[in-house]
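J.: sequence and predicted structure, then a few things I'm wondering about:
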Amino acid sequence: MFERIKTILIKEFLEIFRDPRMRFTIFVPPIVQVLIFGYAATMDITHVPTAVYDQDNTKQSRELIRDFSYSKYFDINYYLDEEEQVRTIIDRSKVISVLKIDRQFARDLIGNRSAKLQLILDGTDSNAASIVLGYAGQIIGDYNYKALKERATTLLRPGAAVGYADLRDRRWFNENLESRNYYLPGVIALIVTIMSLLLSSMAIVREKEIGTMEQLIVSPIKPIELILGKITPFIIIACVQVILITLVGVLWFKVPIRGSLPLLFGCTFIYLLTSLGCGLLISTVSSTQQEAMMSVFLFFFPATLLSGFAYPIANMPKIIQYITYANPLRYYLTILRGIFLKGIGVNILWPEILALLIIGVSIIIFSTSRFHKQLG
């Protein structure tokens, strides 16, 4: 048995590395993709293009504008003179926000009345608009605190104190709240998934296209031996890709990895049983490599959307949340983020590891049962 598996394994390695384009595809695109995704896959919003329509033009309004411009969140690119310019500049997408200050802003502030100002947002991207609104609320809150402190200093007797609530925050696992640290482990999972699916989905269907299925039919090899011989090279290649991608993430993007590396690669091996098993299942039911490739993308995109990579599973409808339990990428993402950011171990991650193991073994068994030593 092991001799026959070894023969298939050697054959697969020779076929993979004989083609220079395949060697390039295996090692170069994953590195390029993690570099591109590492810079693109971020929810941090800074330097928001902003315009100011200051109808008051007083010391108080200029101080507020200065607070906005001095923060890293807003770039004051335009100063408007007319009401019509507000609609025009947003319609042309030159800015995301417009800070509009009422004509009696300073007078109301000094007179102990509510000073009116307005933040007009381009709500096309609702998530970005919500984040920008939060930034503005924080700046306004700081401005109000300074104004209240100055007023208290002026009105109260010397040495008098004003009580206030002092909130001190502490961030665990991602101290600077960098979204890249959260998304990059997910990018590793996506790249490993798509590469392993693409490579393994061509395994059986390639034999059909080049006409070597007849040789497999007359050989004494068993389906399970063929499946093991087919997936072993891809497991080795995928592990090498994980090493390369992890090195780029840790050394280039400074993503912390606080957990156990052996646990990371052990869980990756278990996950690869699932992704490679799915690829082989696609390969056994496909007639051409083009059909196999289309089937891979039909599987990959729903799996990504239902994994929690971009959208929290808790925000999905209940019926969709139940469906995600059958998605192996969901568990692998939880494992990766737990190992990278939290440094947790098997005592916490064992439910996800067990789910991956059950799904992986089931898919391998089903893929083997789908393979029949006959054409067509």
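T.: In hand now; what should we look at?

J.: which secondary structure element is home to T124?
T.: If you go by DSSP states H and E, T124 is not part of any helix or strand.

J.: what about it, neighbour count?
T.: 10 (other CB atoms under 10 Å). Using the backbone N, CA and C atoms, a C-beta is placed for each residue, glycine as well.

J.: from I243, how far off is it?
T.: 40 Å (CB to CB, to the nearest Å).

J.: average model confidence for the helix or strand hosting L199?
T.: For L199, the host element (DSSP H and E) is helix 179-201. Helix 179-201 shows a mean pLDDT of 86.

J.: run through the neighbouring helices and strands of it.
T.: helix 20-40, helix 223-247, helix 261-285, helix 289-305, helix 328-337 (3 or more CB pairs under 8 Å, 6 or more residues apart in numbering; DSSP states H and E).

J.: most tightly surrounded among those?
T.: Mean neighbours per residue, mean count of other CB atoms under 10 Å, is largest over the helices and strands packed on helix 179-201 for helix 328-337, with a mean of 25.

J.: only C-alpha atoms, please: export that one in PDB.
T.: Taking Å, rounded to 0.1, in the frame of the first residue of the first chain, the C-alpha atoms of helix 328-337 are listed here in PDB:
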ATOM      1  CA  PRO A 328     -14.700  24.700   7.600                       C
ATOM      2  CA  LEU A 329     -13.200  28.100   6.800                       C
ATOM      3  CA  ARG A 330     -15.200  29.600   9.800                       C
ATOM      4  CA  TYR A 331     -13.400  27.300  12.300                       C
ATOM      5  CA  TYR A 332      -9.900  27.800  10.600                       C
ATOM      6  CA  LEU A 333     -10.300  31.600  10.800                       C
ATOM      7  CA  THR A 334     -11.200  31.400  14.500                       C
ATOM      8  CA  ILE A 335      -8.100  29.200  15.100                       C
ATOM      9  CA  LEU A 336      -5.800  31.500  13.200                       C
ATOM     10  CA  ARG A 337      -6.900  34.700  14.900                       C
END
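
J.: I'd like the distance from the longest helix along the chain to the chain centre, please.
T.: When the chain is parsed with DSSP state H, its longest helix is helix 126-155. Put simply, helix 126-155 sits 31 Å off its chain's centre (CA atoms, centre = their mean, to the nearest Å).

J.: now for it, which elements pack on it?
T.: Looks like helix 126-155 contacts helix 59-70, strand 74-79, strand 97-101, strand 117-121 (3+ CB pairs under 8 Å, 6+ apart).

J.: mind checking how far the residue nearest the centre of the chain is from I65?
T.: Compute the mean C-alpha point of the chain, and by CA atoms, centre = their mean the closest residue is Y183, 3.5 Å away. Distance of Y183 to I65, computed by CB to CB: 33 Å.

J.: again with I131
T.: Distance from I131 to I65, by CB to CB: 21 Å.

J.: who has more neighbours out of these two?
T.: Between I131 and I65, counting by other CB under 10 Å, I65 is the more crowded of the two (19 against 16).

J.: I figured that one hits I76, correct?
T.: Yes: counting by CB atoms under 8 Å, I65 touches I76, with 6.7 Å between them.

J.: what is the end-to-end distance of stretch 333-352?
T.: Stretch 333-352 has an end-to-end distance of 10 Å (criterion: CA to CA, to the nearest Å).

J.: can you give me how far that stretch is from the chain middle?
T.: Using CA atoms, centre = their mean, the distance between the centre of stretch 333-352 and that of its chain works out at 17 Å.

J.: which residues are contacting that stretch?
T.: 173-174, 181-182, 184-186, 188-189, 255-260, 263-264, 267, 271, 307-309, 331-332, 353, 356 (CB atoms under 8 Å, 6 or more residues apart in numbering).

J.: what about burial for those, which qualify?
T.: For the contacts of stretch 333-352, a burial check counting by 16 or more other CB atoms under 10 Å picks out 174, 181-182, 184-186, 188-189, 255, 257, 259, 263-264, 267, 271, 307-309, 331-332, 353, 356.

J.: pull out the buried residues from the longest helix of the chain.
T.: Quick answer for helix 126-155 (16+ other CB under 10 Å): A128, A129, I131, V132, Y135, A136, I139, Y143, A147.

J.: so which of those comes closest to I110?
T.: A147 (9.7 Å; CB to CB).

J.: setting aside sequence neighbours, what's the nearest residue to the closest one?
T.: L109 (6.6 Å; CB to CB, 6 or more residues apart in numbering).

J.: identify the residues contacting the helix or strand harbouring that neighbour?
T.: Using DSSP H and E, L109 sits within helix 105-110. Helix 105-110 has contacts (CB under 8 Å, 6+ apart) with Q55, D56, T58, K59, Q60, S61, D102, S114, A115, K116, L117, A147.

J.: low-confidence regions, this protein specifically.
T.: 1-2, 41-42, 152-167, 213-214, 216-218, 371-376 (pLDDT under 70).

J.: okay, now the domains of this structure?
T.: 8-42+179-370, 48-155 (automatic domain parsing).

J.: mind checking which of the ones you listed is nearest R168?
T.: domain 48-155 (15.0 Å).
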